[in-house]
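Enquirer: Provided below are the primary sequence and the corresponding predicted coordinates.
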Amino acid sequence: MEENTFEPELIRAIFKLVWERRAAEREKNQLSETEAEAGPSTSKRSRLTSINGNGLKLSCELLRVFVTEAIQRAATIAEAEGSLKIEATHLERILPQLLLDF
Amino acid sequence: MGSDVDRGEEEEEAASELLRDRFRLCTISIAEAEAKQNGMEISQPIVACISDLAFKYAQQLAKDVELFAQHAGRKSVNMEDVILSAHRNDHLAASLRSFSNDLKAKEPQSERKRKKNPKKENKAAEDVLPIADP
């Protein structure tokens, strides 16, 4: 675990932002559908998704693998072309398969 | 009313920008360490590009695991949801599975101790819920 990875708290913050945005959207849709009912919307707000510590660590690992895979695959292409620096063309070559794999 | 919504969106945008920048810093250190291991240099625009890709992926991941947890009737995301998000790639799923086993093996005692109390709370909550439901 001495390898550097993403900060769990940073990933939690990113996840939270997405979940808050989605919860707000859900609420908006509900309000427009049933404006008279105030009950469901408040219960939805308290139902904001959370994540446990190990799940967060695993998400960090997944994102770390994504980044390292991108670098390693691009490095392989760069090496095959006899380059010492990873450039845009190398990333372009590996990008389609990378996105299919994640 | 309209300006209020705008301000909310602006604030959200600013928060998102800040997270994106912090995320980029993390990516840079990971990417440069990885490139060094491979004996490669990497140009900065490429790292930024990979970082933005990973950030988008993180947002997509957030949506996925939330839906998985909801489908399982949970409010909290756990390791199974994260592993499920990688189910299309067997190798990736296996790698995550072994990482999750490592995490589980690492803290069995503290987890067991901690679990004892929440279980009681859960039971209490379960007792209350059926009454509240109808």
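Expert: Perfect, thanks for sending it.

Enquirer: any idea which helix or strand comes after the helix or strand where B:L25 lies?
Expert: Element membership for B:L25, per DSSP states H and E: helix B:2-37. The helix or strand immediately downstream of helix B:2-37 is strand B:41-42, counting by DSSP H and E.

Enquirer: what packs against that following strand?
Expert: Judged by 3 or more C-beta pairs under 8 Å, 6 or more residues apart in numbering or on different chains; DSSP states H and E, strand B:41-42 is in contact with strand A:85-86, helix B:2-37. C-beta: built from backbone N, CA, C; applies to glycine.

Enquirer: lowest-pLDDT helix or strand in chain A?
Expert: Ranked by mean pLDDT, DSSP states H and E, the helix or strand of chain A with the weakest confidence is helix A:39-46, at a mean of 52.

Enquirer: Tell me which residues are up against the very next helix or strand once past it.
Expert: Going down the chain from helix A:39-46, the next helix or strand is strand A:50-51, by DSSP H and E. Outside strand A:50-51, the residues that touch it by C-beta atoms under 8 Å, 6 or more residues apart in numbering or on different chains are A:12, A:15, A:59, B:65, B:75-78.

Enquirer: How is the spatially most central residue of chain B classified with respect to secondary structure?
Expert: Centroid-nearest residue in chain B, with C-alpha atoms, centre = their mean: B:A62, separated by 5.9 Å. Here B:A62 is recorded as helix under DSSP: H, G, I helix; E, B strand; the rest coil.

Enquirer: likewise B:A86?
Expert: Quick answer, by three-state DSSP: B:A86 is coil.

Enquirer: For A:Q72, the count of nearby residues, please.
Expert: A:Q72 has 15 neighbours, counted by other C-beta atoms under 10 Å in any protein chain shown.

Enquirer: related to what we said a few turns ago, quick one: which of the helices and strands packed on strand B:41-42 has the weakest pLDDT on average?
Expert: Here the lowest mean pLDDT among these goes to helix B:2-37, at a mean of 87.

Enquirer: In it, which residues are buried?
Expert: Of all the residues in helix B:2-37, those buried under the rule 16 or more other C-beta atoms under 10 Å in any protein chain shown are B:16, B:19, B:22-24, B:26-28, B:30-32, B:34-35.

Enquirer: and if you look at stretch B:72-90?
Expert: For stretch B:72-90, burial by neighbour count (16+ other C-beta under 10 Å) applies to B:77-86.

Enquirer: host element of the spatially closest residue to B:R22 that is not a sequence neighbour?
Expert: Distances taken as C-beta to C-beta, 6 or more residues apart in numbering or on different chains put A:L10 closest to B:R22, at 5.4 Å, once the chain neighbours are dropped. A:L10 belongs to helix A:8-33 when elements are defined using DSSP H and E.

Enquirer: Please name every helix or strand in contact with that helix.
Expert: Applying 3+ C-beta pairs under 8 Å, 6+ apart, we find helix A:8-33 packed against helix A:39-46, helix A:53-80, helix B:2-37, helix B:44-71.

Enquirer: mind checking which of those is nearest B:L96?
Expert: Nearest to B:L96, of all those, is helix A:53-80, at 6.1 Å by C-beta to C-beta.

Enquirer: packing partners for the closest one?
Expert: helix A:8-33, strand A:85-86, helix A:88-101, helix B:2-37, helix B:44-71, helix B:79-84, helix B:90-106.
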